[in-house]
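Peer 1: Show me how the following folds:
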Amino acid sequence: MQMTNPQQQQYDRGATIFSPDGRLFQVEYAKEAVKKGATALGLVYEEGVILAATRSTQHLRVRNPEKVFKVDDHIGIATSGLVADGRSLVDETRQEAQRYLMTYDEPIPMNVLSKFVADRCQHFTQYGGVRPFGVSTIAGGVKDGDAKVYQTDPSGTLNQWKAVAIGKGGSEATEHLEENWESGMDEDAAIKLAVNSLHEGEEDLDPKNIELAIVSMEDDFDVIPPEELEERGLGF
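Peer 2: Numbering: from 1, shown residues only. Reported below is the predicted structural model:
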């Protein structure tokens, strides 16, 4: 029997109510918000991790919202979706990294931090009076010489990848990564692959609209400015 419209609205508006076919519509809407967000990616190379994202550059805007964030010297996060949700989630992640350091006197492992992010997202799918985070994240870092990349979505799903992309150009960028990522890539090749993958996702992309950071084996988080990308011959 077909549901009436009021019944549909009941399942549609409740962040914690399953529909008869087992769906949480608010979580699905949050995932749609991510699909409209900036293209972001993370990939592992021989000596570390590359995190990158696209951003809009408006002539009159003094400062553009960040999409790639430093969490600690050995970890960064790229976000896609609602900018404010991403900033709030990153702030909580930074606090968790510092709590772990104070408690255990060592930097937080990648899997522990990524699970924290996934758990925070999942919590907001099971309580009334809140809505899911409208953001997906890619966390990348290096600890004890081991480079890793993890991705979360608004439902709290956590996956580890060698290379992955999210956002409005995520499908095309991920396809490019699948075709071109190789184990043991050096830094220059990894940066080139990251930039070209973002371009595959957003064809009208300009190098000045790329935010890119490297997390190296030396526990060093470095942001590569657009000017340096152009100097490396990575313009389109």
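Peer 1: Against which helices or strands is the longest helix along the chain packed?
Peer 2: Counting by DSSP state H, the longest helix found in the chain is helix 83-104. Judged by 3 or more C-beta pairs under 8 Å, 6 or more residues apart in numbering; DSSP states H and E, the packing partners of helix 83-104 are strand 68-72, strand 75-81, helix 110-123, strand 135-143. (Glycine included, C-beta is placed from N, CA and C.)
Peer 1: how about the strands in the chain?
Peer 2: Under the criterion DSSP state E, the chain contains strands at 40-45, 48-54, 68-72, 75-81, 135-143, 146-152, 158-161, 163-166, 210-216, 220-224.
Peer 1: The last one: which residues count as buried?
Peer 2: This points to strand 220-224. Neighbour-count burial for strand 220-224 flags 221, 224 (criterion: 16 or more other C-beta atoms under 10 Å).
Peer 1: ok, now which ones touch T54?
Peer 2: 38-40, 67, 167, 169, 198, 201-202, 205, 209-211 (C-beta atoms under 8 Å, 6 or more residues apart in numbering).
Peer 1: can we see that at 10 Å?
Peer 2: 37-41, 67, 80, 167-169, 173, 198-199, 201-202, 205-206, 209-211 (C-beta atoms under 10 Å, 6 or more residues apart in numbering).
Peer 1: just S216 next, same as before
Peer 2: 45, 47-49, 73-74, 142, 147, 187, 222.
Peer 1: hmm, 8 Å instead?
Peer 2: 47-48, 142, 222 are the contacts of S216 under C-beta under 8 Å, 6+ apart.
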